[in-house]
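[1] I'll drop the sequence and a predicted model, then ask my questions.
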Amino acid sequence: MSEPFSALADPTRRAILDRLRTAGPLSLSALAAELPMTRQAVTKHVRALEAGGLIRSRMVGRERIHTLDPAPLRSIEEWLRPYAEEWDRRLDRLEKHLAAQPGLPKDCLLYTSPSPRD
């Protein structure tokens, strides 16, 4: 699981993933057009994302088309889920504790999160 984390560590790579998520499969030229760097630099980022298993590439004619592969992101999400649930529980307990304190406004919410249990 360390390869996807390494690939996600760079903000440019996250921007490339966001672009592929919203726009769908894109060529290197299309990806490079949106980024303030050379095509060669974008190629290095794309290779790192491929090594991390986060994108797949295929040849279509003379162009390489890059597609987001969400499978590694799902495994990261599954790994992170217990941590998020624990923090949700902690914040819920803190909110209840603060709501029980005299003198604090009752209409003031400390924390709201869109969680699956809502």
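    Great, that's in hand. Numbers count the residues shown, from 1 in each chain.

[2] just the buried residues of the helix or strand encompassing Ile16, please?
    Taking DSSP states H and E as the definition, Ile16 sits inside helix 11-23. Counting neighbours by 16 or more other C-beta atoms under 10 Å, one finds that the buried residues in helix 11-23 are Thr12, Arg13, Ile16, Leu17, Arg19, Leu20. All C-beta atoms are positioned from the backbone trio N, CA, C, and that covers glycine.

[3] ok, the second one - contacts?
    Residues in contact with Arg13, defined by C-beta atoms under 8 Å, 6 or more residues apart in numbering, are Ala7, His45, Ala48, Leu49, Leu54.

[4] buried residues, stretch 50-57. List them.
    Gly52, Gly53, Leu54, Ile55, Ser57.

[5] and for stretch 32-47?
    In stretch 32-47, counting by 16+ other C-beta under 10 Å, buried: Ala32, Val42, His45, Val46.

[6] which among those residues gets closest to Ala100?
    Ala100 lies nearest to His45 out of those, by C-beta to C-beta, at 50.2 Å.

[7] looks to me like that closest one is in a helix.
    Yes: according to DSSP: H, G, I helix; E, B strand; the rest coil, His45 belongs to a helix.

[8] about what we covered before: need the max-distance pair from the contacts of Arg13.
    Longest span within these, C-beta to C-beta: His45 and Leu54, 10.8 Å.

[9] helices and strands around the helix or strand hosting His97, which ones?
    His97 belongs to helix 71-99 when assigned by DSSP H and E. Helix 71-99 sits against helix 2-8, with contacts defined as 3 or more C-beta pairs under 8 Å, 6 or more residues apart in numbering; DSSP states H and E.

[10] okay, buried residues for the helix it packs on please.
    Here helix 2-8 shows Pro4, Ala7, Leu8 as buried, counting by 16+ other C-beta under 10 Å.
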